[in-house]
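Asker: Sharing a model prediction with you, sequence too.
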Amino acid sequence: MFWKSTLVTTLILHLISLGVGQKFYPVVLLESNFPPARPSVYNLKQICLYGNGRPRYPDSSFPSSSYAYARRAGKAVNRLEAWFSRCCYGGLTHGNGQILCCAEQAWETALSHFCTEEYSTMTLVHECCEKKQEERWNCFQKKAANPFYQPLSGYRAPIISPDRIFTWDPNTC
């Protein structure tokens, strides 16, 4: 898994340096980032510390037509990263226990929205979206491309505002 993600990271950086990068290969770029891993005590530090070093997917990174699945997956990643930032630094939480609870809620909410959007299309849905409740979350976790939320070396994420509001409910922790 480590070599695969290193190879994809190298390819991404090479494409970006050539100036073609995300515009022509959004699926390749997403492969190293989707689905995102479930937040845990093992990756929470990386989630909070390396958020600006993980890819974002602005609309301009996709061709004007096609790539609908990649657009939906990219939108889910963008939402989640913005929401993680709010959990880690937005003043919503205090202490690692609350940050983890907030991040878990953000993760489930972002992937729930992704699945809702998947079902609103006339295409096949992501296989994890076909599952219910905990089975769905376990599926996404099992397929996570970057379970420890490692950043791309030399990458600085653009700021992308989420298209949906996330409200953390501390009473569910």
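Answerer: Yep, it's here.
Asker: K132 versus the closest residue to F34 other than its chain neighbours, what's the distance?
Answerer: What sits nearest to F34 in space, not counting adjacent residues and going by C-beta to C-beta, 6 or more residues apart in numbering, is A73, at 4.4 Å. C-beta coordinates here come from the backbone N, C-alpha and C atoms, glycine included. For A73, the distance to K132 equals 20 Å [C-beta to C-beta, to the nearest Å].
Asker: What of G91?
Answerer: Counting by C-beta to C-beta, the gap from G91 to K132 is 34 Å.
Asker: So which bits of the top helix by length along the chain are buried?
Answerer: Ordering each helix of the chain by length in residues (DSSP state H) puts helix 96-119 first. Judged by neighbour count using 16 or more other C-beta atoms under 10 Å, the buried positions of helix 96-119 are 99-107, 109-111, 113-115, 117-118.
Asker: Where does pLDDT dip in this protein?
Answerer: Within the chain, the ranges that satisfy pLDDT under 70 run 1-29.
Asker: Show me where it has its helices.
Answerer: Listed from the start of the chain, the chain has helices (DSSP H) covering 2-18, 21-24, 26-31, 44-49, 68-89, 96-119, 133-142.
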